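Peer 1: got a sequence here, can you build the structure:
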Amino acid sequence: MNLDTAYLKEHLLSLLQIPSPSGYTDQIVHYVCHELETLGLSYNVTRRGAIRATLAGKNKSMDRAVCVHLDTLGAMVSQLKSNGRLAIWPIGSWSSRFAEGARVTIFTQNREYRGTILPLKASGHTFNKEVDTQPVTWEQVEVRVDAHCEKKSDLKHLGFEAGDFIAVDPCPEMDDSGYINSRHLDDKAGVAILLSVARAIVENEITLPVDCHLLFTINEEIGVGATEVLYNDITEMIVIDIAMIAPGQNSTDVATTLVMMDEAGPFDYHLNKKLTDICKNKNIPYEKDIFRYYRSDSASAIEAGSDIRTALVGFGVDASHGYERTHISTLKNSGNLIFEYLLSNPTFKRDKNDMSNINGFPNQPTRDIINIET
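Peer 2: I've put the predicted structure just below:
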């Protein structure tokens, strides 16, 4: 199934333009819910905004899920400074090196303001070589607000307070070669992939073998993940998120990536084998990779005690948590893998029960392999 790339790009651009740092995600939740309604999909929203939609299947007893996150990196005002600027602290894990020079929106209780994140010593004409020796920490940057603010009282008069959210401009660019450059591709490109897959299933009137829940979480960047929308009816879950392109990694901006392990530990052996077989049988380019400094929506679910099989499908991204770059090829291949996975039968019949006897429980390859019907 070739996904509609025009639809994918259109919604990716729209998603990128909606500010959604962790904790400030209401508007992007409204956007996704509107698109789910357009597709005719039923959904529910938690108190804080996580979304659980459903693609109906023939079997109602072995539900599966595909999970993406709507929140992004950002920052928050920590202090009003005597020089009329804002001290800030990051939301999520990212370097102040990537924040320097970024254009931002600051949301006060009454209105929004524009501004720029700058190092404390921003002018070479003033500080000469000191601009090259300033440390890279969040204590060494500040926001210059696009308003007349020369002192702390000016900021207070305009309504600035500690705790105001700051959203960083995405600055997206797409060119004819297929490259997409932008902040916050993590994980808005994953959201666009999932919506594109859902649209393909709906428009082609495909009935899936089992119910599939589309999970959109709102706190992945701060480690909360999918715990809010995971119920006992889900037996296995695929997470769509970034796969890092960097020295020492296998991921590319062409293939999809099957993540074998992240810092939370290995993903499910059998579910990853199934995804590998789908890639081979459907000629979907893929790589396998391990990420040492990475966790996803899956980690929080497992740590919270969810007894489900999990795997992670990654789309290749260069310069993660910075000014990121991906390619339409890796987005399409990741989407095609998710599409084919949703058409497949449940991985193990035994998984319909929370607990059972050993009958039907799988084996992993050893010296003496026992064949057990799945």
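Peer 1: quick check: which ranges of the protein have low pLDDT?
Peer 2: The chain contains residues with pLDDT under 70 at 368-374.
Peer 1: and it, what are its domains?
Peer 2: Using automatic domain parsing, the domains assigned to the chain come out as 5-72+184-352, 74-168.
Peer 1: buried residues in stretch 197-208?
Peer 2: When burial is assessed from 16 or more other CB atoms under 10 Å, stretch 197-208 yields the following buried residues: V197, A198, R199, A200, I201, L208. Heads up, the C-betas are built off the backbone N, CA and C, glycines and all.
Peer 1: quick check: the first one touching K332?
Peer 2: Right, V197. No - judged on CB atoms under 8 Å, V197 makes no contact with K332 at a distance of 10.7 Å.
Peer 1: tabulate the domains of the chain (a markdown table), appending distance to I358.
Peer 2: Formatted as a markdown table, the domains of the chain follow (distance: least, CB to CB, whole Å):
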| stretch | distance to I358 |
| --- | --- |
| domain 5-72+184-352 | 9 |
| domain 74-168 | 41 |
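Peer 1: most packed of those domains?
Peer 2: Highest mean neighbour count among these (mean count of other CB atoms under 10 Å): domain 5-72+184-352, with a mean of 20.
Peer 1: start to end distance for that one?
Peer 2: Start and end residues of domain 5-72+184-352 are separated by 35 Å (CA to CA, to the nearest Å).
Peer 1: just stretch 2-22 next, same as before
Peer 2: Stretch 2-22 end-to-end distance (CA to CA) = 32 Å.
Peer 1: next one: I308 relative to I238, how far apart?
Peer 2: Separation of I308 from I238 (CB to CB, to the nearest Å): 11 Å.
Peer 1: equivalent analysis for N219, please.
Peer 2: To I238, N219 is 19 Å away according to CB to CB.
Peer 1: try E221
Peer 2: Applying CB to CB, the value for E221 to I238 is 19 Å.
Peer 1: can you give me the strands for the stretch 101-250 of the chain?
Peer 2: Using DSSP state E, counting those that start in this stretch, the strands found in the stretch 101-250 of the chain span residues 103-107, 112-119, 141-145, 165-168, 173-174, 179-182, 208-217, 234-245.
Peer 1: what strands line up against the shortest one, and which way round?
Peer 2: Put plainly, it is strand 173-174. strand 179-182 (antiparallel) (DSSP bridges).
Peer 1: repeat for the first one
Peer 2: According to DSSP bridges, strand 103-107 forms sheet pairs with strand 112-119 (antiparallel), strand 165-168 (antiparallel).
Peer 1: same thing with the last one?
Peer 2: Take DSSP bridges as the rule and strand 234-245 pairs in its sheet with strand 57-69 (parallel), strand 309-318 (parallel).
Peer 1: that one vs strand 208-217, what angle?
Peer 2: Here the directions of strand 234-245 and strand 208-217 differ by 60 degrees (axes from the mean of the first three to the mean of the last three CA atoms, to 10 degrees).
Peer 1: next SSE downstream of strand 234-245?
Peer 2: Per DSSP states H and E, the first helix or strand lying C-terminal to strand 234-245 is strand 256-262.
Peer 1: can you state the direction angle for that following strand and strand 309-318?
Peer 2: Using the same axes, to 10 degrees: strand 256-262 against strand 309-318 is 120 degrees.
Peer 1: for the strands paired with strand 234-245, which one sits closest to K129?
Peer 2: Set against K129 and scored by CB to CB, those come closest in strand 309-318, at 30.5 Å.
Peer 1: need the CA coordinates for the closest one. PDB is fine.
Peer 2: Extracted in PDB, the C-alpha atoms of strand 309-318 (Å, rounded to 0.1, in the frame of the first residue of the first chain):
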ATOM      1  CA  ARG A 309       4.300  -7.000  23.900                       C
ATOM      2  CA  THR A 310       5.900  -3.800  22.500                       C
ATOM      3  CA  ALA A 311       8.000  -2.900  19.600                       C
ATOM      4  CA  LEU A 312       9.300   0.400  18.100                       C
ATOM      5  CA  VAL A 313       9.200   1.300  14.400                       C
ATOM      6  CA  GLY A 314      11.500   4.300  13.800                       C
ATOM      7  CA  PHE A 315      11.700   6.800  10.900                       C
ATOM      8  CA  GLY A 316      15.200   8.000  10.300                       C
ATOM      9  CA  VAL A 317      16.000  11.400  11.700                       C
ATOM     10  CA  ASP A 318      19.300  13.300  11.700                       C
END
